[in-house]
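Asks: output the structure for:
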Amino acid sequence: MLLKLYNKNNQPADLQKVVDLLNDGGIIIYPTDTMYAIGCHALKERPIERICRLKNIDARKHYLSIICYDLSNISEYARVSNTTFKLMKRNLPGPFTFILNADSRLPKIFRNRKEVGIRVPDHPVIRDICRMLDAPILTTTLPHDEEEDIEYITDPELIDEKFGNDVDLIIDGGIGGTEPSTVIDCRDDDPEIIRQGKGEVIR
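Replies: Numbering: from 1, shown residues only. Below you'll find the model as predicted:
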C-alpha cells in the first residue's frame, strides 16, 4: 500500500496510521535524506528478524542501525562519550550513520554485535513519525541488485511494484536519492570514516 506524505502539513491521522502500524509490528519503506529505506519499530524483535530475512542478512554479522528523532535520548540506546556527542551534534540531523557501542535497552538481536548505527536523518517525514512513535526505528537500505534499474529503489511506484508484497506500507515521498549515508565508527574516541557517502563530516 502506498501512502503519499509531504515534507510539511501532513494530516496527523496519516502519520498516526504509520505509527500504529509500527506499534503493531509492521514493516514500512520510507524516504530519508539519502535513499529510501526499510524499517520497523526498533524495540520489537520479530519485525527486525523479518527485515533480516527479506535482506538475507545475518544480524550476528551485520551491524544494524536505528533512526532517532534527535540526540536527547541517545544514551538510552548507545554508550556515547562527550567527544562523540559533540561530533554528532555538529553533524546531525544529516546524512550520517554513527556506529556506537549498543546499550542493553535494545533487543538482543542488536547485542549480538554489541554495536548500533545511529541515524538522525534531515528528513521531516521519518523524523515526525519517529517523534510520534516515541521510540527508535530500525533502518536499512533496500535490497538492490546492481544489474537492476536504479528506479526500483528511487521511484515509489516501482518500489511498490517490487516490494509491495513484502512490506505493510510504502511512504511515497517523491523520487529518492542514490547515495548512502557517510558511516563513522565512534566506538572509541578516535572517530574513523569507514564509508564516505553523501555527508561531509564537520570536525
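
Asks: in the chain, mark out all the helices, start to finish.
Replies: Here the chain has its helices, by DSSP state H, at 12-23, 45-55, 82-91, 108-111, 124-133, 156-163.

Asks: out of those helices, which gets nearest to Leu2?
Replies: helix 156-163 (5.2 Å; Cβ to Cβ). For every residue, glycine as well, the C-beta is placed using N, CA and C.

Asks: between the closest one and helix 45-55, how big is the angle?
Replies: If you take axes from the mean of the first three to the mean of the last three Cα atoms, to 10 degrees, helix 156-163 sits at 90 degrees to helix 45-55.

Asks: distance from helix 156-163 to the middle of the chain?
Replies: Between the centre of helix 156-163 and the centre of its chain there are 19 Å (Cα atoms, centre = their mean, to the nearest Å).

Asks: neighbours around Asn10, how many?
Replies: Applying other Cβ atoms under 10 Å, we find 17 other residues in the vicinity of Asn10.

Asks: may I have the phi/psi pair for it?
Replies: Dihedral angles of Asn10 (phi, psi; degrees, to the nearest 10) stand at phi -80, psi 150.

Asks: and it, what's its pLDDT?
Replies: Among the per-residue scores, Asn10 holds a pLDDT of 96.

Asks: was I right about it contacting Val125?
Replies: Yes - shown here, Asn10 and Val125 form a contact pair, counting by Cβ atoms under 8 Å, at 7.3 Å.

Asks: winner for burial among the helices of the chain?
Replies: Highest mean neighbour count of the helices of the chain: helix 124-133, a mean of 20 (counted as mean count of other Cβ atoms under 10 Å).

Asks: give the other helices and strands that that helix contacts.
Replies: Applying 3 or more Cβ pairs under 8 Å, 6 or more residues apart in numbering; DSSP states H and E, one finds that helix 124-133 contacts helix 12-23, strand 28-30, strand 65-67, strand 137-141.

Asks: give me the helices and strands touching the longest one, please.
Replies: If I follow you right, that is helix 12-23. Counting contacts by 3+ Cβ pairs under 8 Å, 6+ apart, helix 12-23 packs against strand 2-4, strand 28-30, strand 37-41, helix 124-133, strand 169-172.
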